[in-house]
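[1] Quick check, what structure comes out for this input:
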Amino acid sequence: MSILKDLKENNSHAEEIRPFRIHVTDEEIADLRERLGRTRLSELPDTGWERGVPLSYVTELKNDWQNHFDWRKYESRLNQWPQFITEVDGQPIHFLHIRSSEADAKPLMLIHGWPGSFVEFLDAIGPLTNPRAHGGEPKQAYHLVIPSIPGFGYSIPLRATGWTPARIASAFIQLMDRLGYTHYGVQGGDTGAFIAPEMARQAPDRLLGIHLNALLTFPSGEEGELNGLTEEEQQRLARMESFNDGYLQIQSKSPNTLAYALHDSPVGQLAWIAEIFKKWSYPVDALAEQSIDRDLLLTNISLYWFSCTSGSSAQVYYESMNDPMAWIPKDPVSVPTGVLVSRSHDTSIRSFAARDFNIVHWVEYSEGGHFFALEQPQLFVEDVRQFFTRVCK
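    From the prediction side, this is the model:
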């Protein structure tokens with residue numbers, strides 16, 4: 001029985017935490033390769049990245065995925081970490097739960113974004129749970145909980161509409177309750193940078209702090225708020241205003257229509273994700289492989305393909321854009337907040353963030369892009385350690 005069929009049919013003992021292992025069948029792997037072998041490709045001559053993924057690059061990735069990528073090798077790597085499934089608010093939630101051997105380790109949740117997955121954090125798990133073995137101190141150890149956002153990875157099937165960041169935050173708070181964690185930290189990037197603040201608003205007495213990267217900050221329209229912005233901050237604001245948000249417009253307005261193409265075509269799924277990784281990784285003018293191992297990129301894309309989540313993962317954009325509560329002014333987050341900024345890609349502006357968060361830690365890095373934990377795991381780990389050491393004194 002395939003994982004997807006098993007997840008759809010196993011509805012018993014909803015609140016039970018059940019061990020989980022990824023196992024894609026040989027038939028599913030053969031089907032992927034057969035589909036890749038039948039791919040139809042076309043391109044307007046003399047075009048490059050300005051119009052999307054070039055034919056030469058998508059062909060190279062397709063051939064690698066079809067003929068050289070060893071899914072079983074990376075499936076084994078993913079399965080070396082304990083994984084579980086439980087059900088919260090009627091929705092299956094998949095998560096990794098790695099307990100540190102250090103007696104004083106603190107619980108920490110790591111939340112991915114789109115088009116990422118828990119794969120983003122693979123190289124951070126060892127240093128965060130076992131700092132002794134990675135140049136750290138025992139007091140810097142964490143028990144990690146790394147969930148898959150509903151509709152992503154193996155948090156499937158998506159059983160209802162309405163999974164906004166606030167509802168996901170509520171489910172993740174319940175998950176931590178179920179695991180017996182009463183006080184904990186949360187780290188989130190991209191979509192995770194929307195979910196973590198909602199957790200802080202809903203359970204401020206529970207969260208030790210929130211650490212965010214790829215944080216979006218917006219002007220409020222108040223007179224004079226743009227005065228005093230540095231030249232770099234003005235460039236960030238301009239970058240946000242000129243951002244190519246075609247993917248966002250489609251996923252927030254027609255996620256179902258997009259899903260039919262990506263769900264049926266592995267090269268469609270490949271190109272859709274590969275373009276974002278190229279645009280959002282560092283260096284700006286290089287391919288994603290300059291900072292991200294290609295096999296990890298293909299592992300992440302394979303996870304979307306084998307879990308059939310091209311459509312369900314896009315729903316979070318629809319829910320976010322159509323959530324009336326998202327557009328109502330909220331009180332500032334009182335929980336201590338740390339912000340990690342990629343100077344090449346992020347549009348975070350400190351004065352805007354300080355309006356909405358209790359900022360106690362703000363660090364900007366010249367290296368690393370949007371997928372910071374995946375691109376610069378060592379810097380990511382160090383920044384997380386610094387922030388939570390500060391707030392957990």
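[2] In three-state terms, label G136 for me.
    Judged by DSSP: H, G, I helix; E, B strand; the rest coil, the three-state class of G136 is coil.
[3] who's in contact with it?
    With CB atoms under 8 Å, 6 or more residues apart in numbering as the criterion, the residues that contact G136 are 127, 381, 385. In short, each C-beta sits where N, CA and C put it, glycine included.
[4] got the CA positions of stretch 136-147 in CSV?
    Provided in CSV are the C-alpha atoms of stretch 136-147 (Å, rounded to 0.1, in the frame of the first residue of the first chain):
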residue,chain,number,x,y,z
GLY,A,136,28.9,23.9,20.7
GLU,A,137,28.2,23.8,24.4
PRO,A,138,25.7,21.5,26.1
LYS,A,139,23.6,24.4,27.2
GLN,A,140,22.9,25.1,23.5
ALA,A,141,21.0,21.9,23.0
TYR,A,142,17.4,21.7,21.9
HIS,A,143,14.7,19.1,21.5
LEU,A,144,13.5,19.7,18.0
VAL,A,145,10.0,19.4,16.6
ILE,A,146,9.9,20.0,12.9
PRO,A,147,6.3,19.8,11.5
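[5] For that stretch, list every residue counted as buried.
    136, 140-147 (16 or more other CB atoms under 10 Å).
[6] Likewise for stretch 46-56?
    The neighbour-count check on stretch 46-56 (16+ other CB under 10 Å) flags V53 as buried.
[7] hang on, the earlier thing: got the contacts of G136 as a markdown table, with pLDDT, secondary structure and neighbour count columns?
    As requested, the contacts of G136 are exported to a markdown table (pLDDT from 0 to 100; DSSP: H, G, I helix; E, B strand; the rest coil; neighbours: other CB atoms under 10 Å):
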| residue | pLDDT | secondary structure | neighbour count |
| --- | --- | --- | --- |
| P127 | 98 | helix | 22 |
| V381 | 98 | helix | 23 |
| R385 | 97 | helix | 20 |
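[8] And stretch 331-341, how far out from the chain middle?
    For stretch 331-341, the gap between its own C-alpha mean and the chain's C-alpha mean amounts to 18 Å (CA atoms, centre = their mean, to the nearest Å).
[9] what's the answer for stretch 375-384, then?
    In this view, stretch 375-384 has its centroid 15 Å away from the chain centroid, taken as CA atoms, centre = their mean.
[10] Could you list the buried residues of it?
    375-377, 379-384.
[11] average pLDDT for stretch 221-237?
    When the per-residue pLDDT values of stretch 221-237 are averaged, the result is 90.
[12] distance between it and the chain's centre?
    On CA atoms, centre = their mean, the centre of stretch 221-237 falls 28 Å from that of its chain.
[13] quick one: low-confidence parts of the chain?
    Along the chain, segments meeting pLDDT under 70 span 1-13.
[14] again, 90 this time
    Of all residues in the chain, those with pLDDT under 90 make up the ranges 1-15, 42-47, 135, 220-225, 228, 239-246, 324-330, 392-393.
[15] show me where it has strands.
    According to DSSP state E, the chain carries its strands in the segments 18-20, 83-88, 91-98, 106-111, 142-147, 184-189, 207-213, 336-342, 358-365.
[16] Can you give the contact residues for the fifth one?
    Residues from elsewhere that reach strand 142-147 (CB under 8 Å, 6+ apart): 93-100, 105-112, 118, 121, 125, 128-129, 155, 172, 175-176, 179, 181, 184-185, 388.
[17] and it, which strands flank it?
    According to DSSP bridges, the neighbouring strands of strand 142-147, each with its direction, are strand 91-98 (antiparallel), strand 106-111 (parallel).
[18] Report the angle between the longest one and strand 83-88.
    Between strand 91-98 and strand 83-88, the angle formed by their directions is 140 degrees, by axes from the mean of the first three to the mean of the last three CA atoms, to 10 degrees.
[19] List of residues touching strand 91-98?
    Outside of strand 91-98, the residues that reach it under the criterion CB under 8 Å, 6+ apart are 7, 20, 81-87, 118, 125, 129, 143-148, 150, 153-160, 163, 171, 175, 179.
[20] Just the CA atoms of it, as CSV, please.
    Only the C-alpha atoms of strand 91-98 are listed here, as CSV (Å, rounded to 0.1, in the frame of the first residue of the first chain):
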residue,chain,number,x,y,z
GLN,A,91,-6.0,17.3,10.0
PRO,A,92,-3.1,14.8,9.8
ILE,A,93,0.1,16.5,11.0
HIS,A,94,3.4,15.0,10.1
PHE,A,95,6.5,16.0,12.2
LEU,A,96,10.0,15.1,13.1
HIS,A,97,10.7,14.9,16.8
ILE,A,98,14.4,14.6,17.8
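[21] From the chain's centroid, how far away is that strand?
    Centre-to-centre, strand 91-98 and its host chain are 14 Å apart (CA atoms, centre = their mean).
[22] Likewise for the last one?
    Between the mean C-alpha point of strand 106-111 and the mean C-alpha point of its chain there is a distance of 14 Å (CA atoms, centre = their mean).
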